[in-house]
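K.L.:
Model the following, please.
(2 chains, ligands or ions: 1)
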Amino acid sequence: MSVTREAMLESWEQPSWVEQLNAWDGVWALLVVVGSVYAWWLYRSYMDGYEVAIQIGSTLALIVWGQYWKPARLFTLAAAVLAVLALWRYGADYELRKTSFWLKYFLESQAAFMWMSALYVLATPTYFAAMFTRSEFVGKTATALTWCATVMGLTGLLVRWRESYLLGADIGHIPVSNLYEVFILFALITALLYLFYEDRHRTRSMGGFALLAISGAVGFLLWYTFDREAHHIQPLIPALQSYWMKIHVPANFIGYGAFALAAMMGTAYLLRAGAESRRPDGLLARVLPPLDLLDDVMYKAIALGFAAFTIATILGALWAAEAWGGYWSWDPKETWALIVWLNYAAWLHLRMTKGWRGAPMAWWAVIGLFVTLFAFLGVNMFLSGLHSYGSL
Amino acid sequence: MNDTAASPPSGRHTLSWVVLEFLGSMNLAITLLVIVAVASVIGTVLQQNQPYPDYILKFGPFWFDTFLQLGLYDVYGTGWFISILAFLILSTSVCIYRQAPILWREMTRFRTQVRLDSLRGFHQRAEWQWLNQRPDAALQAVTDLLQKRGYRWQVADHGDHQVVAAVKGRFNRLGYLLTHTAIVVIGIGGLLDGNLWLKIKEWRGELRIETRDLAARDLPPESRLAPGTIPAFRGNVMLPEGSSANFIFLRVRDGFVLQELPFAIELKDFQVAYYDTGQPKSFVSEVLIHDQEHLGDQPLAATIRVNHPLVYSGYAIYQSDFGDGGSKLDLQAWPLAAPRPEPVAAKGEVGEALKVGGSSGALTLELDSFRLFNLLPEPDAQPGDRRFRNFGPSFGFKLRDATGEAREYFNYMAPVQMEGRWFHISGMRAQPGDPFIYLHIPADAKSSPERFLRFNARLRDTDWLRQRFEHAPVPGENADFQRDFNRVRLNLLELVTQGGFNAVAERAKAVVPADRLQEATTLYLNIVRDTLAEVFVEILREEGLAVEQGIGEQEEAFFNDAVSALAVLPTYGAPFYLQLAGFQQVEASGLQITRSSGAVVVYIGFALLTLGVFVMFYTSYRRLWIWLADEDGATRLALAGVANRRQIEFADEFAGLAAALERRVTGRASSESINQEVSESCR
Ligand code: HEM
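P.N.:
So this is what the prediction gives:
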């Protein structure tokens, strides 16, 4: 709901969704459409019919998203502008990334990811500081840091997309094709989900916990970059050369991100519940986010994650039917996706039908993250199967 | 929603009721969800459907057998796993059966029988007593409000009071039906596509799984399936270029059956393309479908790529594998253990086994593979350096002795440059899992291994060696010493050619006291080296090189490399070096052909599930009750509400409703008479 509580109390009639539209919404829609058409015109030679359909779908989704959640507009716009600057600076010369000042230190995908990493890692203690000091200013700083990190992350992904084409027209592909790239996606999506709940619930007290998960991902990313040199753009193996990748992977990562957020809310819940039972008037019991808020966000995140994961798994099955000769092969990755899904289905049932709340559900959400993490990382590390291109 | 499912009038707990109660219970559902999840883990930890010998090797015979009995090599096809799934589907069906009437009522009827007391027990509630207000005016305000907010309602007059029951978001209740029906539908569709049909046929004795290694044409009829006998299967065939097949193999446990196709598929051409970095870029099969009945004499031409299958009359044909289709190889076998330096020519096809004579009995030469490209990381590359190089064609073979032991070899056709010098490279391993040991044969000026092989042959030519060294003068020493020295070095040479340099060290250990071992070993090795050098110079002289002034840098490097290669030879284990002199490549494409009649059912289930999940999560079923009574000229109005989702949002909505209602009735913004509690926790 995008009407403030005051406005609702005031109005006798609740304006409908359409009545709430204003000129800015029109401007937004127009901007998105123009940008999308321009991008299509530039890159249409690389796209097949399905990909154009996906682009149209994404365009509409972006319009609706910006309408539903206003901050998404500035965010998308900022990343788009930065990415366009980078592309313009690049022209057709990939080597410029080593010499052009702005590319090298700011906009080249690797540089952008480093900025993203640094800002997320900075935002984490800042959120905790805001929680303990209850300082509005520190809190705003933390939010700003997170937004900036997310903008840099998205910019980096967009630029990397183009860079892969600069490397060779036959190499180019959307940067969601290996573990390195999807980890960035994971950080971004988790951050956006968190920022959404921060905005809707008007509290920054959950921020430290959400950012902790993101910082963990950043830590992995840095290890993966510096120790394993995984950041190089690799061409796509034949099995991944499909438009399905563009929708299957992002849908999965909305799921992973949401489950990670839920687990962090669960952690905060357990900490607060523990603090309250030990010292009800202690510092922790006062500054940690309230239990009902955590419970609510945890449920919403799991519901959203479950919905996204349902779609992702279905898309995966449809893709498998096209690439592997069957919509279901009991491949380890598929099977683990099913396990994750069943796990959260059980969670949702207990909550919806048995009315379970509180610490057990929080514990379950935390454990759920480990199950999810295994599906996401463990399978690639320990098990072999058709998805094995994601190995470490 | 909770377990308010229809229970029969008390006392009539019939058996069927008890069974339904059990099957449809939430606890069973949750337990089954968790069990399926846990059971699924097994199949991901233990690699499925591997050849049985691999499992025996891994687990030993006892555990192999135990796991086999439990069906752990094909968990998802075993009876117990399928039964759990079936139970889950059954339980979900029962659940739907029992919930559907309740949902129907919730969607179509209004519950207007409520007591004021129970409304006062709601979390979301408000109550007013308005003086100077008439109930019908209040009722008008209520219905106006409900109308504006999109609620549907019904008014019931109970004489002394009226009740308005209102609902919004009825379709949320459909979400439950859609998702749960979807589970059942997907489950049934999946079952239709599983190995059920094969199991039934096998169980009825109409099908026998073939475990022998037979060619397709030798397969007995009870291991063949005619087209259309089973509605779903997944099988493979490997087609060499230029050949065709009208059948595929279905793998079952440790054997297979043959599925005949109503058409033949011919592979015209198979292509693999690579990126500059060496990774494969595309696998493309050009095929022809021959189907006399439907196509007549005109075959259907099609291109099959990964991610781009061909669907022909309900059969989907996928690019799934590739291999060699019997490339023709021209080979030259250079003896390694005999004094002869001339190669023996041979011809073979990949997949063929040739009989060859060896010094220690007959050997079988199995030609296993041929590869046109070998894009590998640059051998001299630094870590992080991602350069690749094409090492050119290569082939692999096994040498199997009479006892069945085999060594595996892997030879490149062309010499490979390393550190500025060129080598013919051959890899060898004695066990399948071991890393390859490489023999680097230095290439001569003609890029041939010939010089090294002549050198090696000469070292095994005992007559020649005796002639050359028996009476060789040793400057500054007497005749006795000369004779002893020459005998020693002939012995040492023989040791080296049979057992490598280690054998020399071993010999030293055997005959020299420990305190002088170091010194003696060094001495022996120097003697060997000098003698090898003399033989080598001899070879160069025979090639017509001028060696009187000493040998050049290049020859010296060659000599050093040759000595290194000699050191590896005793472990190499083959009586010859097999050189690839020419080839004619024949590729093969691995095609997977499937039929899945249940796919449509499953896809319908997918659509229901997607729709259902969103309806369920993102709509909310909200109910409001308004209780109205005239109390001696004053109006008592109680408002209560409940939502099944989005509680925090509903609390806001409810507060807005209450405030709006009050303002509408009284013309005031808010009042103390509001007695409302916005709950923070849900139900
Ligand atoms: C594979 C099997 C099943 C799956 C995947 C599944 C999935 C779901 C999901 C995702 C929800 C929504 C939870 C939420 O609203 O937060 C749900 C709700 C529910 N499920 Fe299931 N379910 C399954 C089997 C069953 C069975 C066997 C029963 C019967 C005992 C059942 C009864 C219910 C009920 C009563 C609800 C609540 C509906 C509502 O209040 O809107 N489910 N289920």
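K.L.:
Give me the below-cutoff pLDDT ranges for chain B.
P.N.:
Across chain B, residues meeting the criterion (pLDDT under 70) sit at B:1-12, B:358-360, B:380-387, B:667-683.
K.L.:
Please repeat the previous calculation with a cut-off of 50.
P.N.:
Where chain B drops to pLDDT under 50, the residues are B:1-9, B:669-683.
K.L.:
Please list the residues of it that sit near the ligand.
P.N.:
Within chain B, the positions adjacent to the ligand are B:1, B:24-26, B:29, B:33, B:88, B:91-92, B:95, B:99, B:176, B:179-180, B:183, B:616, B:644 by CB under 6 Å from any ligand atom. Just so you know, the C-beta spots here come from the backbone N, C-alpha and C atoms, and that holds for glycine as well.
K.L.:
Residue B:205: what secondary structure?
P.N.:
Under DSSP: H, G, I helix; E, B strand; the rest coil, residue B:205 falls in the coil class.
K.L.:
neighbours around it, how many?
P.N.:
Counted with other CB atoms under 10 Å in any protein chain shown, residues neighbouring residue B:205 total 8.
K.L.:
tell me what the helix or strand hosting residue B:649 is packed against?
P.N.:
Residue B:649 is located in helix B:647-666, with elements delineated by DSSP states H and E. Helices and strands touching helix B:647-666, by 3 or more CB pairs under 8 Å, 6 or more residues apart in numbering or on different chains; DSSP states H and E, are helix A:5-10, strand B:124-130, helix B:135-148, strand B:622-631, strand B:634-643.
K.L.:
and the ones you listed as CSV, adding mean neighbour count?
P.N.:
Below are the helices and strands packed on helix B:647-666 laid out as CSV (neighbours: other CB atoms under 10 Å in any protein chain shown):
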stretch, mean neighbour count
helix A:5-10, 14
strand B:124-130, 20
helix B:135-148, 17
strand B:622-631, 21
strand B:634-643, 21
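K.L.:
returning to what we had before: which among the residues of chain B next to the ligand end up buried?
P.N.:
B:24-26, B:29, B:33, B:88, B:91-92, B:95, B:99, B:176, B:179-180, B:183, B:616, B:644 (16 or more other CB atoms under 10 Å in any protein chain shown).
K.L.:
just those that are near chain A?
P.N.:
By CB under 8 Å from any CB of the partner chain, the members of these lying near chain A are B:26, B:29, B:33.
K.L.:
from the residues you listed, which is closest to the ligand?
P.N.:
residue B:29 (3.3 Å; CB to the nearest ligand atom).
K.L.:
excluding its backbone neighbours, what's nearest the closest one?
P.N.:
Closest residue to residue B:29 apart from its sequence neighbours, by CB to CB, 6 or more residues apart in numbering or on different chains: residue B:91 at 5.4 Å.
K.L.:
Which helix or strand contains that neighbour?
P.N.:
Assigned by DSSP H and E, residue B:91 falls within helix B:79-108.
K.L.:
now for the helix or strand that that helix is followed by, which elements pack on it?
P.N.:
Next along the chain after helix B:79-108, taking DSSP H and E as the criterion, comes helix B:116-120. Other helices and strands packing on helix B:116-120, by 3+ CB pairs under 8 Å, 6+ apart, are strand B:622-631, strand B:634-643.
K.L.:
Grab the nearest non-local neighbour of residue 361.
P.N.:
If you meant another chain, say so; for now it's chain A. Per CB to CB, 6+ apart, closest to residue A:361 is residue A:351, 6.2 Å.
K.L.:
nope, chain B please
P.N.:
Of all residues not flanking residue B:361 in the chain, residue B:402 sits nearest, at 5.2 Å (CB to CB, 6+ apart).
K.L.:
So what does that neighbour have for phi and psi?
P.N.:
Reported as degrees, to the nearest 10, the phi and psi values for residue B:402 are phi -60, psi -30.
K.L.:
before we move on, what about the one 3 residues further on?
P.N.:
As for residue B:405, its main-chain torsions (degrees, to the nearest 10) stand at phi -70, psi 140.
K.L.:
again, but for residue B:429
P.N.:
With angles defined as degrees, to the nearest 10, residue B:429 sits at phi -150, psi 150.
K.L.:
Mind telling me what element the residue of the stretch 201-350 of chain A found nearest the ligand is part of?
P.N.:
At 3.5 Å from the ligand, residue A:348 is the closest residue in the stretch 201-350 of chain A, using CB to the nearest ligand atom. Secondary structure assigned from DSSP H and E places residue A:348 in helix A:332-353.
K.L.:
Output the very next helix or strand once past that helix as CSV, restricted to C-alpha atoms.
P.N.:
For helix A:332-353, the succeeding helix or strand toward the C-terminus, using DSSP H and E, is helix A:359-373. Extracted C-alpha coordinates of helix A:359-373, given in CSV (Å, rounded to 0.1, in the frame of the first residue of the first chain):
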residue,chain,number,x,y,z
ALA,A,359,11.5,-18.5,18.1
PRO,A,360,10.9,-21.9,16.4
MET,A,361,10.0,-20.2,13.1
ALA,A,362,13.0,-17.9,13.5
TRP,A,363,15.3,-20.9,14.0
TRP,A,364,13.8,-22.6,11.0
ALA,A,365,14.3,-19.5,8.9
VAL,A,366,18.0,-19.5,9.9
ILE,A,367,18.4,-23.2,9.2
GLY,A,368,16.6,-22.6,5.9
LEU,A,369,19.4,-20.3,4.8
PHE,A,370,21.9,-23.1,5.2
VAL,A,371,19.7,-25.4,3.1
THR,A,372,19.5,-22.6,0.6
LEU,A,373,23.2,-21.9,0.7
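K.L.:
How about helix A:359-373 and the ligand, any contact?
P.N.:
No. Counting by CB under 6 Å from any ligand atom, the ligand is not contacted by helix A:359-373; separation bottoms out at 11.7 Å.
K.L.:
Now do the same for that helix: mean pLDDT, whole number.
P.N.:
For helix A:359-373, mean pLDDT is 93.
K.L.:
That helix - contacts with which helices or strands?
P.N.:
Under the contact rule (3+ CB pairs under 8 Å, 6+ apart), helix A:359-373 is packed against helix A:244-278, helix A:291-323, helix A:332-353.
K.L.:
Adding mean pLDDT, mean neighbour count and distance to residue B:523, write the ones you listed out as TSV.
P.N.:
As requested, these are exported to TSV (pLDDT from 0 to 100; neighbours: other CB atoms under 10 Å in any protein chain shown; distance: least, CB to CB, whole Å):
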stretch	mean pLDDT	mean neighbour count	distance to residue B:523
helix A:244-278	94	22	67
helix A:291-323	93	23	66
helix A:332-353	90	21	60
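K.L.:
Please report how far residue B:356 lies from the ligand.
P.N.:
Residue B:356 sits 61 Å away from the ligand, going by CB to the nearest ligand atom, to the nearest Å.
K.L.:
In what element of secondary structure is that residue found?
P.N.:
Element membership for residue B:356 (DSSP H and E) is strand B:353-358.
K.L.:
What ranges does the stretch 101-250 of chain A have for its helices?
P.N.:
A:101-102, A:109-133, A:136-167, A:179-201, A:207-226, A:244-278 (DSSP state H, counting those that start in this stretch).
K.L.:
can I get those helices in CSV with distance to residue B:341?
P.N.:
CSV is the format used below for the helices of the stretch 101-250 of chain A (distance: least, CB to CB, whole Å):
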stretch, distance to residue B:341
helix A:101-102, 65
helix A:109-133, 57
helix A:136-167, 50
helix A:179-201, 54
helix A:207-226, 54
helix A:244-278, 57
